[in-house]
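*Asks:* My questions concern the predicted model and sequence given below.
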Amino acid sequence: MSWDDEAATWDTQPAVRAYSKAAFQSLQRVLMERGSNLTGARVLDFGCGTGLLTEQLAAEAERVMAVDVAQAMVAVLREKNIGNVEPVCGLLNELIESGSLSMGAFDLITCSSVCSFLGDYPAAVAQLAALLAPDGLLLQWDWELEDGADDAMGLSRSAITAALSAAGLTDLSVGVGFTETVEGFVMAPLLGVGRKP
Ligand SMILES: C[S@@+](CC[C@H](N)C(=O)[O-])C[C@H]1O[C@@H](n2cnc3c(N)ncnc32)[C@H](O)[C@@H]1O
């Protein structure tokens, strides 16, 4: 399965729409709990897909850089033509090497349902953490796996905690981000949060 094949119909899927809405609400809750908000924030939405979360971030943030490796997904977002959103198609390490993504440039990085698909998740989190400004937050949502399970569709609490910690992030929290039921399907992904010291 290629993510590009999903692009044309991604935004029409009720579960996908409900997931991104609930993810955004959980993000707002985390920011409020940490005495923060999106006003003036420079955001990187990593693994943005067609931008369902990006759109919501852009309504409140100063600007959002939306990165995804799937051209067709990014093309759908580009067609939405959101003024303060910069859609970018590419691989994380290549965008860093080319200077398209700068160290310390972001106040917030969101990774909604993408980290478990990465070839080297801990290495990617370390690269993302380097892109955060001091006090910046990284949030990731992923299906929960039990410890020891090996599946491309999720991550365990311990794997998330280990990766965020190894990336030098502090004030970690890892737990169920939200619970949402769509057409009988219960979605209760993990939400991992870390702060750049
Ligand atoms: C389940 S979709 C989530 C899309 C979006 N975040 C959302 O919530 O609607 C996973 C996304 O991760 C992207 N992705 C997978 N591997 C990636 C990588 N190495 N770098 C950037 N994006 C990646 C896919 O192209 C796809 O758009």
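*Replies:* Cool, the structure landed. Numbers count the residues shown, from 1 in each chain.
*Asks:* hey, let's count contacts and neighbours off CA atoms from now on
*Replies:* Fine.
*Asks:* Tell me how many other residues crowd Ser2.
*Replies:* By the measure other Cα atoms under 10 Å, the count of residues near Ser2 is 7.
*Asks:* Report the separation between it and Val69.
*Replies:* Separation of Ser2 from Val69 (Cα to Cα, to the nearest Å) stands at 11 Å.
*Asks:* and if you look at Lys80?
*Replies:* Counting by Cα to Cα - Lys80 and Val69 are separated by 18 Å.
*Asks:* Neighbour count for these two, which is higher?
*Replies:* More crowded of Lys80 and Val69, by other Cα under 10 Å: Val69, with 18 against 12.
*Asks:* Give me the nearest residue to the more buried one, chain neighbours excluded.
*Replies:* Gly90 (4.8 Å; Cα to Cα, 6 or more residues apart in numbering).
*Asks:* Do I have it right that that neighbour meets Met73?
*Replies:* No. Under the criterion of Cα atoms under 8 Å, Gly90 makes no contact with Met73, lying 11.6 Å away.
*Asks:* helices or strands up against the longest helix anywhere in the chain?
*Replies:* Within the chain, and with DSSP state H defining each element, the longest helix by residue count is helix 14-33. Counting by 3 or more Cα pairs under 8 Å, 6 or more residues apart in numbering; DSSP states H and E, the packing neighbours recorded for helix 14-33 are helix 52-58, strand 180-182.
*Asks:* out of those, nearest to the ligand?
*Replies:* helix 52-58 (5.2 Å; Cα to the nearest ligand atom).
*Asks:* With the ligand in mind, check whether whichever helix or strand comes after that closest one reaches it.
*Replies:* Scanning forward in sequence from helix 52-58 by DSSP states H and E, the next helix or strand is strand 63-68. Yes. Against the ligand, strand 63-68 shows contacts by Cα under 6 Å from any ligand atom at Asp68.
*Asks:* helices or strands next to strand 63-68 in the packing?
*Replies:* Strand 63-68 is packed against strand 42-46, helix 52-58, strand 85-89, with contacts defined by 3+ Cα pairs under 8 Å, 6+ apart.
*Asks:* just to revisit the earlier point, so can I have a markdown table of the helices and strands packed on helix 14-33 showing mean neighbour count?
*Replies:* Formatted as a markdown table, the entries for the helices and strands packed on helix 14-33 read as follows, by neighbours: other Cα atoms under 10 Å:
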| stretch | mean neighbour count |
| --- | --- |
| helix 52-58 | 22 |
| strand 180-182 | 14 |
